[in-house]
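Q: here you go, sequence then predicted model.
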Amino acid sequence: MAKAKIGFEVDERDLANAKAFVAKHGGSLNKLVSALFASLGREDAARAPALDPATRVLMSVSTGSISIAEAARQLELPDAGFVLSRLSELGLPLPRLSDEAVREQLASARSALDQCLLEPEPEPKPRRKRTSKPAGRSAAA
């Protein structure tokens, strides 16, 4: 597993207590902090009720782990609209689509709209009004 370095400030008295704890029980500050970080959330997960499979799929959509289309397939729903409706019913946040996915959907929608457009009929050309020649002038003049 990849490691990351972090830096943070701690009260001097707390640091001294942590160093004394490590000296008494063995190990290092690094291992102590790593163990603390690793334990975060474990109690919550143990107390959390088991989720039914459908809710687990919907949570995967909400977090972006799987696509809406894949969720519709797994939940045997007719289409993505039903997945979005179920997310809303459970109060789960809608997934954030990637910029690329948004561009693809926009292009697809534009193409579909372009196919629906009818070519406009050409506008009739305006008729020229015939003007009569002014009286008194002849063509021979």
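A: Received the coordinates, thanks. Residues are numbered from 1 along each chain as shown.
Q: where along this structure do the helices fall?
A: With DSSP state H applied, the chain shows helices at 12-25, 29-39, 42-47, 53-62, 68-74, 80-90, 99-116, listed in chain order.
Q: okay, and for this structure, where does confidence drop off?
A: Applying pLDDT under 70 to the chain picks out residues 1, 41-49, 120, 131-141.
Q: cutoff 80 now
A: 1, 21-22, 24-27, 35, 37-51, 95-98, 101-102, 117-141 (pLDDT under 80).
Q: any idea how far the spatially most central residue of it is from A69?
A: With distances taken as Cα atoms, centre = their mean, the residue of the chain nearest its centroid is R96 (1.0 Å). Distance of R96 to A69, given as Cβ to Cβ, to the nearest Å: 16 Å. All C-beta spots, glycine's among them, are computed from the backbone N, C-alpha and C.
Q: what's around the residue lying closest to D79 once chain neighbours are set aside, how many residues?
A: Nearest residue to D79, sequence neighbours excluded (Cβ to Cβ, 6 or more residues apart in numbering): A72, at 5.8 Å. By other Cβ atoms under 10 Å, 20 other residues sit near A72.
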